[in-house]
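Colleague: sequence unknown, structure follows:
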């Protein structure tokens, strides 16, 4: 027999007063009165525990607002945009001047089946984040791939400001070569100014360090302008995490658009998304500001203004080919240097200081000295 039945029995069967029963069982007199009234009206079912849920919730948002939240979520998903609670709150704030709490929006999305629980996901608090303190303090750049409907693979070159996440450029070509990267940088620098440093991976268009080819064009340009050029650790894309994450966001959006069949169509889509990303989309890492707002909010960092070294030096061990020539790469372009057939097969050292080149054999004999003409592929021997 439950407590409720004991109380009702003591009052109705034993004839004891409600106050006495309340004192004996340690309950309130009001509760004893309520139990007796329920029993008299409903019998045994009236003694069953009842929900304490209030009949109404004054702070609960209206069904119309719930439906609007769901509609915004669907529109953002359909457009390939970030569709979290903070983004939805931003759009509600823009429309109505106010918004429910983020927790309320999450609760609505969860109840409607838009949130998939991920209990084993690594918490965000465990990540160590780093970001530049000023705009133009560090730019990140990287190339990603995209497939056109006809199966052709194209490349997309992205430049991102590390502090503000501003997309400085997003361009596409079939294949980017070192001169294309350098031209892209110079076009961006003409609009935004030179940064203090640039960060990239170790792709062949960004550095010749691991291929023994000397400096690529972008390295030469940055060094001449006093800009530090950093590269991530090999096989560690997390170092360039911001531009890598931008690739993912961009591709998610492109996947929701009508497939671009040509490079100009794809470039038009990239231009449209860049404008939306920079000026409309609130960024979670920027306290819900847009990248353009974050970029304009602080003074810009600048490079040192002086070259970081006195020139480009390198030494190469090579062998003169059967035609009496050597091949040397400068600014990602191959140049052929004539030595003479009489030296065919000779092992030599090539001493390079910028455009000044000296070629000596293993005995130290100078075979040729020249000033490289970067506009010509073949450097003939001087006429005597």
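Modeller: Okay, I see it. The structure presented is a predicted model; accordingly, all values stated were derived computationally and were not measured.
Colleague: helix/strand/coil for the residue nearest in space to the middle of the chain?
Modeller: In the chain, the centroid-proximal residue (Cα atoms, centre = their mean) is residue 245; its distance is 2.6 Å. Under the three-state scheme (DSSP: H, G, I helix; E, B strand; the rest coil), residue 245 adopts helix.
Colleague: who's in contact with residue 345?
Modeller: Contact analysis of residue 345 by Cβ atoms under 8 Å, 6 or more residues apart in numbering lists 319, 320, 322. Using the backbone N, CA and C atoms, a C-beta is placed for each residue, glycine as well.
Colleague: what sits up against the least confident helix or strand in the chain by mean pLDDT?
Modeller: Every helix and strand of the chain was ranked by mean pLDDT, DSSP states H and E. The lowest is strand 313-319, at a mean of 82. Residues outside strand 313-319 that contact it (Cβ under 8 Å, 6+ apart) are 212, 214, 326, 328, 345-353.
Colleague: if we go to 7 Å?
Modeller: For strand 313-319, contacts defined as Cβ atoms under 7 Å, 6 or more residues apart in numbering pick out 214, 326, 345, 346, 347, 348, 349, 350, 351, 352, 353.
Colleague: can you give me how far that strand is from the chain middle?
Modeller: 39 Å (Cα atoms, centre = their mean, to the nearest Å).
Colleague: who does it pair up with?
Modeller: Next to strand 313-319 in the sheet, as set by DSSP bridges, lie strand 347-353 (antiparallel).
Colleague: how distant is stretch 104-117 from the center of its chain?
Modeller: Offset of stretch 104-117 from its chain centre (Cα atoms, centre = their mean): 25 Å.
Colleague: just stretch 225-236 next, same as before
Modeller: Computed by Cα atoms, centre = their mean, the separation of stretch 225-236 from the middle of its chain amounts to 18 Å.
Colleague: please begin residue numbering at 41 from this point
Modeller: Yes, from this point I'll number from 41; that puts the last item at stretch 265-276.
Colleague: can you give me the mean pLDDT across the strand or helix carrying residue 334?
Modeller: Following DSSP states H and E, one finds residue 334 within helix 331-336. The average pLDDT for helix 331-336 rounds to 93.
Colleague: just the buried residues of that helix, please?
Modeller: Buried residues in helix 331-336, counting neighbours by 16 or more other Cβ atoms under 10 Å, are found at 331, 332, 333, 334, 335.
Colleague: and stretch 136-151, by the same measure?
Modeller: Residues of stretch 136-151 classed as buried: 139, 140, 144, 145, 146, 148, 149 (neighbour count, 16+ other Cβ under 10 Å).
Colleague: can I get those in JSON lines including secondary structure, pLDDT and distance to residue 231?
Modeller: JSON lines is the format used below for those (DSSP: H, G, I helix; E, B strand; the rest coil; pLDDT from 0 to 100; distance: Cβ to Cβ, whole Å):
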{"residue": "139", "secondary structure": "coil", "pLDDT": "90", "distance to residue 231": "35"}
{"residue": "140", "secondary structure": "coil", "pLDDT": "90", "distance to residue 231": "40"}
{"residue": "144", "secondary structure": "helix", "pLDDT": "91", "distance to residue 231": "42"}
{"residue": "145", "secondary structure": "helix", "pLDDT": "91", "distance to residue 231": "37"}
{"residue": "146", "secondary structure": "helix", "pLDDT": "89", "distance to residue 231": "39"}
{"residue": "148", "secondary structure": "helix", "pLDDT": "91", "distance to residue 231": "42"}
{"residue": "149", "secondary structure": "helix", "pLDDT": "90", "distance to residue 231": "39"}
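Colleague: export those to a markdown table and tack on distance to residue 112?
Modeller: Formatted as a markdown table, the buried residues of stretch 136-151 follow (distance: Cβ to Cβ, whole Å):
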| residue | distance to residue 112 |
| --- | --- |
| 139 | 11 |
| 140 | 12 |
| 144 | 14 |
| 145 | 9 |
| 146 | 14 |
| 148 | 11 |
| 149 | 10 |
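Colleague: closest to residue 156 among those residues?
Modeller: Nearest to residue 156 out of the buried residues of stretch 136-151 is residue 149 (Cβ to Cβ; 10.5 Å).
Colleague: now for that closest one: which residues touch it?
Modeller: 113, 125, 155 are the contacts of residue 149 under Cβ under 7 Å, 6+ apart.
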